[in-house]
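A.B. asks: sequence and computational prediction follow.
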Amino acid sequence: MKILFMGRKQVSANLLRFLTKQDHIEIVGVLTDSHLQGSPTTAAAQELGLPLYTFDTALEAMREGRLKYDLGLSVLYWRKLRDEFLSIPTLGTINFHPALLPEYKGTGGYNLAIMDELNEWGNTAHYVDASIDTGEIIEVDRFPIDAETETAQSLERKTMQALEPFAQRIIARAIESKTKLPTTPNIGGRYVSRDEMEAMKQILDGDNIEKKIRAFWFPPYDGAYVEINGQKYTLINRQLLEEIAPKGSTSLFAGKTNA
């Protein structure tokens with residue numbers, strides 16, 4: 001089976017290494033965030049001797065018949081797939097979405113999970129179609145979260161930890177299958193754009209400020225903010241101050257002290 005792998009972040013690099021150890025598959029190319037310095041997925045592809053493509057060079061290679069594959073795998077890839085990406089792979093492309101589908105489409109899932117005071121979160125494997133996060137659902141993998149203390153950053157860590165074994169399991173099924181995996185409809189839910197998510201960060205009258213601080217805490221990005229004289233100032237609470245304090249801090253104001 002020929003596979004085109006698309007992804008970014010460390011979890012994608014780990015899964016790329018996992019794939020190269022599987023029998024009866026060939027990684028024909030890797031699309032990643034190679035335009036960024038220090039990309040772990042780029043480093044893994046180079047270490048494994050796999051060909052790197054950009055979105056445009058992959059499209060060109062497919063149109064010229066130089067890039068053919070059976071299955072696409074997208075693990076946190078950052079571009080919307082279109083054209084030959086949808087028509088070339090005979091077994092489709094499986095995307096791993098770090099949120100619950102069909103409920104949470106688009107970006108900002110971690111933020112909304114906290115704002116909506118959820119007690120569970122998860123990753124979704126689904127097939128890619130012409131829109132964003134709307135393809136048929138293969139499986140949703142759920143895990144518990146703490147609605148009272150979770151931050152966007154802590155939820156991202158938990159989601160990535162759960163994603164790797166979940167993706168390994170789904171990928172193994174896809175490799176063994178000669179047809180697409182069984183699915184369920186991906187109907188309804190909420191799509192949030194990046195611009196909408198950014199607008200949510202502003203503290204307005206009547207907001208639950210503590211919850212909003214946790215929901216948008218994801219350094220180095222701007223968090224929940226107030227605007228003063230046209231400038232944005234990110235807010236932080238006691239919980240976050242204690243989390244980012246140097247280990248072994250002896251501050252009298254620390255919530256916990258070391259014995």
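C.D. replies: Nice, I can see it.
A.B. asks: now for residue 101, how many residues are close by?
C.D. replies: A count of neighbours around residue 101, defined by other Cβ atoms under 10 Å, yields 26. Every residue, glycine included, has its C-beta placed from N, CA and C.
A.B. asks: assign the closest residue to it other than its chain neighbours to helix, strand or coil.
C.D. replies: Spatial nearest neighbour of residue 101, excluding adjacent residues (Cβ to Cβ, 6 or more residues apart in numbering): residue 124 at 4.1 Å. Of the three states, residue 124 takes strand according to DSSP: H, G, I helix; E, B strand; the rest coil.
A.B. asks: is it true that residue 124 touches residue 105?
C.D. replies: No: at 9.8 Å, residue 124 does not count as touching residue 105 under the criterion of Cβ atoms under 8 Å.
A.B. asks: and for these two, which residues touch both?
C.D. replies: Common neighbours of residue 124 and residue 105, using Cβ atoms under 8 Å, 6 or more residues apart in numbering, are residue 99.
A.B. asks: look at the two and report which has more neighbours.
C.D. replies: Using other Cβ under 10 Å, the more surrounded residue of residue 124 and residue 105 is residue 124, with 26 against 22.
A.B. asks: show the pLDDT at that one.
C.D. replies: Residue 124 carries a pLDDT value of 98.
A.B. asks: what sits against it?
C.D. replies: 96, 97, 99, 100, 101, 137, 138, 139, 140, 141.
A.B. asks: same check on residue 237?
C.D. replies: Contacts of residue 237 were listed using Cβ under 8 Å, 6+ apart, and they are 210, 213, 214.
A.B. asks: tally up the residues packed near the last one, please.
C.D. replies: Other residues lying near residue 214 total 26 when counted by other Cβ under 10 Å.
A.B. asks: and what of the first one?
C.D. replies: Using other Cβ under 10 Å, residue 210 is surrounded by 14 other residues.
A.B. asks: same question, residue 166
C.D. replies: 20.
A.B. asks: repeat that for residue 192.
C.D. replies: Number of residues near residue 192 (other Cβ under 10 Å) recorded here: 16.
A.B. asks: need the pLDDT of it.
C.D. replies: On pLDDT, residue 192 comes in at 89.
A.B. asks: bridged to it, which residues?
C.D. replies: For residue 192, the beta-bridge partners are residue 106 (DSSP bridges).
A.B. asks: confirm for me that it is in contact with residue 113.
C.D. replies: No: checked against Cβ under 8 Å, the pair residue 192 and residue 113 is beyond contact range at 11.6 Å.
A.B. asks: so what sits against both of these two?
C.D. replies: residue 104.
A.B. asks: closest to residue 18 out of the contacts of residue 237?
C.D. replies: residue 214 (32.7 Å; Cβ to Cβ).
A.B. asks: I figured the closest one hits residue 114, correct?
C.D. replies: Yes: if you go by Cβ under 8 Å, residue 214 and residue 114 touch, sitting 5.6 Å apart.
A.B. asks: shared neighbours, these two?
C.D. replies: 150, 151, 152.
A.B. asks: so what's the residue count around the first one?
C.D. replies: When neighbours are counted by other Cβ under 10 Å, residue 150 registers 22.
A.B. asks: tell me the contacts of it?
C.D. replies: Here residue 150 is in contact with 113, 114, 214 (Cβ under 8 Å, 6+ apart).
A.B. asks: kindly reformat those as a markdown table containing pLDDT, secondary structure and distance to residue 67.
C.D. replies: Below are the contacts of residue 150 laid out as a markdown table (pLDDT from 0 to 100; DSSP: H, G, I helix; E, B strand; the rest coil; distance: Cβ to Cβ, whole Å):
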| residue | pLDDT | secondary structure | distance to residue 67 |
| --- | --- | --- | --- |
| 113 | 97 | helix | 37 |
| 114 | 97 | helix | 40 |
| 214 | 97 | helix | 44 |
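A.B. asks: on that earlier part again, pick out the most distant pair among the contacts of residue 124.
C.D. replies: 99 and 138, at 14.6 Å, using Cβ to Cβ across the contacts of residue 124.
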